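Q: Got a sequence here, can you build the structure:
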Amino acid sequence: MDEDLSGMTREQLLDEVKKLRQAIREHRDCSGHDLCWHHPALWGLLPEKTDRLPVVPEWPEFLRGCIRYRQSLDEQVPDAPRSGEPYRE
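A: Okay, here's the model as predicted:
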């Protein structure tokens, strides 16, 4: 799966690490409503190019998962700032 790495020079490996770190930082720094999105740009950084479609839960199960995710934020980062900013498309 990662055979492409063995053919890279030290400089190419460093460039790859920097690119991946930047993508991880962008994802990490998502906040508010941006936490809830599908992130194909991040996954597109992997060398294997697939167009895998995610399995999408039906609405009731999806919303149950959203609620559980939000509850987990209360548990994991209880002191994080809160926002009442409405969702805007």
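Q: where does Arg88 land on pLDDT?
A: Per-residue confidence (pLDDT) for Arg88: 89.
Q: element containing it?
A: Of the helices and strands defined by DSSP states H and E, none includes Arg88.
Q: Check Glu26 too.
A: According to DSSP H and E, Glu26 maps onto helix 10-28.
Q: Could you name the helices and strands sitting against that helix?
A: Helices and strands touching helix 10-28, as assessed by 3 or more Cβ pairs under 8 Å, 6 or more residues apart in numbering; DSSP states H and E, comprise helix 40-43. Quick note: C-beta positions are derived from backbone N, CA and C, even for glycine.
Q: Could you list the residues in contact with the next helix or strand after the helix it packs on?
A: Where DSSP H and E defines the elements, the next helix or strand beyond helix 40-43 is helix 59-76. Under the criterion Cβ atoms under 8 Å, 6 or more residues apart in numbering, residues Cys36, Val56, Pro57, Ala80 lie in contact with helix 59-76.
Q: Quick one: residues contacting the second one.
A: Residues counted as contacts of Val56 (Cβ under 8 Å, 6+ apart) are Phe62.
Q: what's in contact with the helix holding Glu26?
A: Applying Cβ under 8 Å, 6+ apart, the contact partners of helix 10-28 are Leu5, Met8, His39, Ala41, Leu42, Leu45.
Q: out of everything not next to it in sequence, what's closest to the second one?
A: What it means is Met8. Glu16 (6.8 Å; Cβ to Cβ, 6 or more residues apart in numbering).
Q: Just the CA atoms of the helix-or-strand element of the chain with minimal mean pLDDT, as PDB, please.
A: Ranking every helix and strand in the chain by mean pLDDT, DSSP states H and E puts helix 40-43 at the bottom, with a mean of 88. Output in PDB follows, covering the C-alpha atoms of helix 40-43 (Å, rounded to 0.1, in the frame of the first residue of the first chain):
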ATOM      1  CA  PRO A  40     -12.500  13.900   0.300                       C
ATOM      2  CA  ALA A  41      -9.700  16.500  -0.200                       C
ATOM      3  CA  LEU A  42      -8.000  15.000   2.900                       C
ATOM      4  CA  TRP A  43      -8.400  11.400   1.700                       C
END
